[in-house]
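Trainee: I would like the atomic coordinates for the input below:
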Amino acid sequence: MNIKPLSDHILIEPIKEEEKTKAGILLPDTAEKEKPEQGKVIAVGPGRKTSSGKIITLDVKAGDKVLFTKYGPVEIKVDNKEYLIARQEDILAIVE
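Mentor: Below you'll find the predicted structure:
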């Protein structure tokens with residue numbers, strides 16, 4: 001399935017890191033964990049439209065690794081894979 005974000009929306013694939021305790025024990029996926037706060041941009045919309053009709057393009061592009069707010073993006077599931085849809089204002093930084 002092909003997903004094309006609209007306006008200033010960004011499709012993100014969350015990066016889930018393995019979590020270890022200080023003693024080196026790996027926590028399973030079923031353990032209570034915090035939501036991931038970084039991911040890879042899969043697709044971006046064309047940009048936000050101003051009241052005069054001009055389109056302001058986004059600062060991120062497909063392939064960028066980004067940091068985003070914890071509770072801003074909306075979680076979706078497509079073909080048994082989890083994604084997030086965020087607005088540009090939810091993106092805090094691009095990781096280089």
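
Trainee: where in the chain is pLDDT low?
Mentor: Flagging of the chain using pLDDT under 70 yields the residue ranges 1, 17-22, 24, 26-36.

Trainee: could you show me where the strands are in it, in order?
Mentor: 9-14, 38-44, 48-49, 55-56, 65-68, 74-78, 81-87, 91-95 (DSSP state E).

Trainee: Give me the helices and strands touching the third one, please.
Mentor: The contact analysis (3 or more Cβ pairs under 8 Å, 6 or more residues apart in numbering; DSSP states H and E) places strand 48-49 against strand 55-56. C-beta coordinates here come from the backbone N, C-alpha and C atoms, glycine included.

Trainee: same for the strand it packs on, what does it pack against?
Mentor: Against strand 55-56 (3+ Cβ pairs under 8 Å, 6+ apart) you get strand 48-49.

Trainee: what residues does the strand it packs on touch?
Mentor: Residues outside strand 48-49 that contact it (Cβ atoms under 8 Å, 6 or more residues apart in numbering): 7-8, 55-56, 88.

Trainee: among the residues you listed, who's most crowded?
Mentor: D8 (21 neighbours; other Cβ atoms under 10 Å).

Trainee: A62 is in contact with V41, isn't it?
Mentor: Yes - counting by Cβ atoms under 8 Å, V41 is a contact partner of A62 at 5.5 Å.

Trainee: between these two, who's got more neighbours?
Mentor: Taking neighbours as other Cβ under 10 Å, A62 and V41 compare with V41 leading, 22 against 11.
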